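Undergrad: kindly return the folded structure for what I paste below:
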Amino acid sequence: VLDGERYIEKVRPLDVDGGELRLQQRLIGVHKRGSGASIETESRLVDNDGNVFYKFISGAFALGAKNFKDAGVSYSAKVPIPDRAPDKIEEFKTSPFQAQIYRLSGDYNPLHIDPEQATAFGFKKPILHGLCSLGITVRAVLKAYADNDADRFKALKLRFSKPVIPGETVVTEMWQEGNRIIFLGKVK
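TA: Numbers count the residues shown, from 1 in each chain. Below you'll find the predicted structure:
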């Protein structure tokens with residue numbers, strides 16, 4: 001199973017003094033996509049009083065899934081890239097050891113460090129974690145449009161379409177459309 005899409009929305013800021021939070025999650029849909037299935041879940045980060053801090057929609061891609069019927073809802077949608085040069089561009093050179101470092105977050109999927117597992121999934125070599133790529137691109141957007149102020153973050157929606165290989169440079173192209181920033185991460 002690979003990361004396919006993410007939506008993250010900050011409803012209210014987290015308490016800087018900490019607190020007890022829990023993640024409520026439910027399956028909202030399973031849909032045929034190319035050579036597999038998109039499995040969408042909806043999650044909410046809440047406190048003991050039910051106050052929502054963050055909302056998430058995650059789309060995982062199950063390679064080779066078959067013999068099932070579409071069910072539930074889908075929030076999957078392509079965001080069109082503006083037909084002009086990017087307004088801003090940021091580059092970030094990943095380390096050849098980026099996947100081993102990111103593994104410390106608790107994602108131990110062997111696809112990211114074991115060449116045999118990567119080949120079994122159809123990749124030539126281990127790929128970087130999708131959420132690590134997300135962090136690199138969102139950091140670029142916050143740097144370019146929010147003076148690195150994470151308090152100005154409201155929401156993001158993205159689709160993972162191609163992997164990043166550790167050691168590659170992630171190029172984040174950005175376009176401002178009103179109060180939205182559309183961004184595209186690619187490698188060079």
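
Undergrad: the helices in the protein, which residues?
TA: Secondary structure of the chain by DSSP state H: the helices cover 98-102, 115-120, 130-146.

Undergrad: among these, which comes closest to residue 5?
TA: Set against residue 5 and scored by CB to CB, the helices of the chain come closest in helix 130-146, at 9.6 Å. Backbone N, C-alpha and C define where each C-beta goes, glycine included.

Undergrad: which other residues reach the closest one?
TA: 2-3, 6, 88, 90, 92, 94, 98-99, 102, 105, 107, 148-150, 152-153, 156, 158, 160, 164, 170, 172, 174, 176, 181, 183, 185 (CB atoms under 8 Å, 6 or more residues apart in numbering).

Undergrad: show me what residue 8 bridges to in the sheet.
TA: Listed by DSSP bridges, the beta-bridge partners for residue 8 are residue 56, residue 156.

Undergrad: can you count the residues close to it?
TA: By other CB atoms under 10 Å, 18 other residues sit near residue 8.

Undergrad: now residue 108
TA: Neighbours around residue 108, by other CB under 10 Å: 9.

Undergrad: could you export the helices of the chain as a markdown table, including mean pLDDT?
TA: A markdown table is the format used below for those (pLDDT from 0 to 100):
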| stretch | mean pLDDT |
| --- | --- |
| helix 98-102 | 91 |
| helix 115-120 | 92 |
| helix 130-146 | 95 |
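
Undergrad: could you count how many residues lie near residue 166?
TA: By other CB under 10 Å, neighbour count at residue 166 equals 21.

Undergrad: you'd agree it is up against residue 93?
TA: No: taking contacts as CB atoms under 8 Å, residue 166 lies outside contact range of residue 93: 10.6 Å.

Undergrad: ok, so what distance separates the closest residue to residue 107 other than its chain neighbours from residue 90?
TA: Closest residue to residue 107 apart from its sequence neighbours, by CB to CB, 6 or more residues apart in numbering: residue 129 at 5.5 Å. With the distance defined as CB to CB, to the nearest Å, residue 129 ends up 20 Å from residue 90.

Undergrad: how about residue 151?
TA: From residue 151 to residue 90 the distance is 20 Å (CB to CB).

Undergrad: more crowded one of those two?
TA: residue 90 (20 against 9).
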